[in-house]
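In: Okay, structure incoming, though there's no sequence with it:
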Ligand SMILES: O=C(O)[C@@H](O)[C@H](O)[C@H](O)CO
Ligand SMILES: [Mg+2]
């Protein structure tokens with residue numbers, strides 16, 4: 001194509017963005033700031049992981065493509081398709097403005113929370129990947145630079161016999177010794193003499209004792225080798241949640257998660273303030289506004305936003321800053337593919353108060369195959385220095401694991 005590199009410094013030289021390889025983009029960016037790049041299309045492909053991961057691609061007239069991911073949710077790809085006309089022709093570098101633009105355009109459809117904001121999150125992550133590639137900067141650099149080179153990952157564990165305390169302890173041992181994690185999470189909303197999901201939410205004494213027994217078995221087996229959190233999935237009444245939190249106080253858990261629905265603010269706050277067990281919540285909360293009361297009232301000890309669900313990378317950074325005002329750490333909830341996970345990791349690298357990022361797919365077997373790079377090693381994510389998220393999708397792996405009937409999006 002014969003680009004004269006010297007000309008790239010000449011503001012009058014006329015090259016279209018398409019003529020410039022990504023190698024020369026940095027030079028181009030210094031000259032023009034990437035201001036003449038336009039979004040041309042948005043496409044999605046759903047991958048059939050342990051959740052249906054919605055991968056999102058934003059295409060430009062410069063030939064540069066950004067890849068993101070939206071949390072799973074029925075209808076998210078259709079919502080993204082409906083939003084595509086609202087971003088086509090726009091400059092992908094104006095991430096905050098495009099985010100607000102989509103929120104405004106979709107306000108009649110519920111962009112404050114739910115699948116609309118989840119769909120917007122997928123585009124927002126792709127815009128960070130794209131902006132990083134245009135400006136030749138890793139995504140964390142777009143968020144203010146690094147606090148840390150690697151982000152701690154905690155493993156969400158599932159024992160075969162989920163209600164058996166010793167089975168949970170065995171799995172804890174295995175995940176620490178064989179997989180190298182030093183931070184784990186187990187479920188407490190398991191059957192304790194009643195059928196799961198048909199629980200009498202106000203627990204009997206022996207049920208409270210059974211929850212405490214699971215916590216005791218896991219933490220004693222770990223014996224300080226790893227931190228252990230326990231998740232309740234909003235399963236209990238305020239009265240029972242208080243008793244569980246108190247019953248496990250001696251076992252020094254990392255946190256107890258979602259003992260009650262956090263939107264039941266007063267009870268949430270009472271539980272947090274009434275126990276020495278740290279209380280976490282936030283995976284079903286959307287946008288920064290959703291976290292206001294939880295943080296202002298110091299009703300959580302740990303906040304757990306789900307980045308590809310609640311609004312994306314900038315919005316999670318903003319929640320982290322709000323949380324930091326109250327000295328609350330952030331442990332990002334995450335059930336995503338490597339793409340969404342890496343988006344969380346970049347934010348985790350850039351915020352002062354990152355505790356950890358979750359990993360939910362250790363039993364899947366092929367999670368890591370979706371990208372060419374290695375993502376999690378020894379219970380941590382080393383933040384890549386490549387432009388954008390720093391990941392390359394393995395399109396063969398994506399094609400192999402696509403949800404039935406899906407079409408593969410176009411190559412980058
Ligand atoms: O904190 C967690 O990872 C869990 O709440 C998961 O989102 C839930 O088990 C998914 O079904
Ligand atoms: Mg949870």
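Out: Structure received. Predicted model, so just to flag it, every value in this text is computed and none were measured. Ligands and ions are numbered 1, 2, ... in the order given.

In: residues near residue 363, how many?
Out: For residue 363, the count of nearby residues is 12 (other C-beta atoms under 10 Å). To be clear about C-beta, it is placed using only N, CA and C from the backbone, and glycine gets the same treatment.

In: Please apply the same query to residue 266.
Out: Neighbour number of residue 266 under other C-beta under 10 Å is 11.

In: Find the nearest non-adjacent residue to residue 104, please.
Out: Distances taken as C-beta to C-beta, 6 or more residues apart in numbering put residue 111 closest to residue 104, at 7.9 Å, once the chain neighbours are dropped.

In: which ones are touching that neighbour?
Out: Going by C-beta atoms under 8 Å, 6 or more residues apart in numbering, residue 111 touches 102, 103, 104, 117, 120.

In: quick one: which two of the residues you listed are the most distant?
Out: Maximum pairwise distance among the contacts of residue 111 (C-beta to C-beta): 12.5 Å, between 104 and 117.

In: Please identify which of the contacts of residue 111 is nearest to ligand 1.
Out: Nearest to ligand 1 among these is residue 117, at 16.8 Å by C-beta to the nearest ligand atom.

In: Relative to ligand 2, how far out is the closest one?
Out: To ligand 2, residue 117 is 19 Å away according to C-beta to the ion, to the nearest Å.

In: burial of that residue, as a residue count?
Out: Per other C-beta under 10 Å, the neighbour tally for residue 117 reads 28.

In: just residue 96 next, same as before
Out: Residue 96 is flanked by 12 other residues according to other C-beta under 10 Å.

In: now residue 284
Out: Under the neighbour criterion other C-beta under 10 Å, residue 284 is assigned a count of 20.

In: what separates it from ligand 2, distance-wise?
Out: 9 Å.

In: check contacts around that residue.
Out: Applying C-beta under 8 Å, 6+ apart, we find residue 284 in contact with 262, 306.

In: how much space between it and residue 108?
Out: 22 Å (C-beta to C-beta, to the nearest Å).

In: What of residue 366?
Out: Separation of residue 366 from residue 108 (C-beta to C-beta) stands at 40 Å.

In: Between these two, which has more neighbouring residues?
Out: More neighbours surround residue 366 than the other of residue 366 and residue 108, with 11 against 8 (other C-beta under 10 Å).

In: and the more buried one, what does it touch?
Out: Residue 366 neighbours (C-beta under 8 Å, 6+ apart): 397, 401.

In: pretty sure residue 362 contacts residue 179?
Out: Yes - counting by C-beta atoms under 8 Å, residue 362 sits close enough to residue 179 to count as a contact (6.4 Å).

In: any shared contact partners between those two?
Out: The contact lists of residue 362 and residue 179 share residue 155, where a contact means C-beta under 8 Å, 6+ apart.

In: Could you pull up the mean pLDDT of whichever strand or helix holds residue 57?
Out: Under the criterion of DSSP states H and E, residue 57 resides in strand 52-60. Over the span of strand 52-60, the pLDDT mean works out to 97.

In: residues near residue 333, how many?
Out: As a burial measure, residue 333 scores 29 neighbours (other C-beta under 10 Å).

In: so who does it touch?
Out: Residues near residue 333 by C-beta under 8 Å, 6+ apart: 282, 283, 304, 305, 306, 358.

In: in its sheet, what does the helix or strand harbouring residue 185 sit against?
Out: Applying DSSP H and E as the criterion places residue 185 in strand 183-187. According to DSSP bridges, strand 183-187 forms sheet pairs with strand 150-156 (parallel), strand 227-231 (parallel).

In: residues of the next helix or strand after the longest one that come out buried?
Out: Toward the C-terminal end, the helix or strand that comes next after strand 150-156 (DSSP H and E) is helix 165-179. For helix 165-179, the buried set under the neighbour-count rule, 16 or more other C-beta atoms under 10 Å, comprises 165, 167, 168, 169, 170, 171, 172, 173, 175, 176.

In: Repeat that for stretch 56-68.
Out: Using 16+ other C-beta under 10 Å as the test for burial, stretch 56-68 gives 56, 57, 58, 59, 60, 62, 63, 64, 65, 66, 67, 68.

In: Present those as TSV; the columns should include distance to residue 289.
Out: Formatted as TSV, the buried residues of stretch 56-68 follow (distance: C-beta to C-beta, whole Å):
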residue	distance to residue 289
56	23
57	29
58	25
59	31
60	31
62	34
63	37
64	33
65	31
66	26
67	28
68	22
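
In: Now flag whichever of those residues is closest to ligand 2.
Out: Nearest to ligand 2 among the buried residues of stretch 56-68: residue 68, at 22.3 Å, using C-beta to the ion.

In: surely residue 170 meets residue 159?
Out: Yes - using C-beta under 8 Å, residue 170 is in contact with residue 159, at 6.9 Å.

In: burial count for the closest residue to residue 367 other than its chain neighbours?
Out: Spatial nearest neighbour of residue 367, chain neighbours left out: residue 361 (4.0 Å); criterion: C-beta to C-beta, 6+ apart. By other C-beta under 10 Å, 22 other residues sit near residue 361.

In: Surely residue 361 and residue 49 touch.
Out: Yes - look at residue 361 against residue 49 with C-beta under 8 Å: they come within range, at 6.4 Å.

In: which residues are there in this protein that come within reach of ligand 2?
Out: 231, 257 (C-beta under 5 Å from the ion).

In: Centre of the chain to the helix or strand containing residue 293, how far?
Out: Using DSSP H and E, the element containing residue 293 is helix 287-296. When distances are taken as C-alpha atoms, centre = their mean, to the nearest Å, helix 287-296 is centred 17 Å away from the chain's centroid.

In: what mean pLDDT does that helix have?
Out: For helix 287-296, the mean pLDDT works out to 97.

In: quick one: is the helix or strand just after that helix near ligand 1?
Out: Toward the C-terminus, helix 287-296 is succeeded by strand 302-303 as the next helix or strand (DSSP H and E). No - residues of strand 302-303 contacting ligand 1 under C-beta under 6 Å from any ligand atom: none, with a closest distance of 11.7 Å.

In: would you turn the strands paired with strand 183-187 into a markdown table with mean pLDDT?
Out: Output for the strands paired with strand 183-187, formatted as a markdown table (pLDDT from 0 to 100):
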| stretch | mean pLDDT |
| --- | --- |
| strand 150-156 | 98 |
| strand 227-231 | 98 |
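
In: Same list (these) but as JSON lines, adding mean neighbour count.
Out: Output for those, formatted as JSON lines (neighbours: other C-beta atoms under 10 Å):
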{"stretch": "strand 150-156", "mean neighbour count": "23"}
{"stretch": "strand 227-231", "mean neighbour count": "24"}
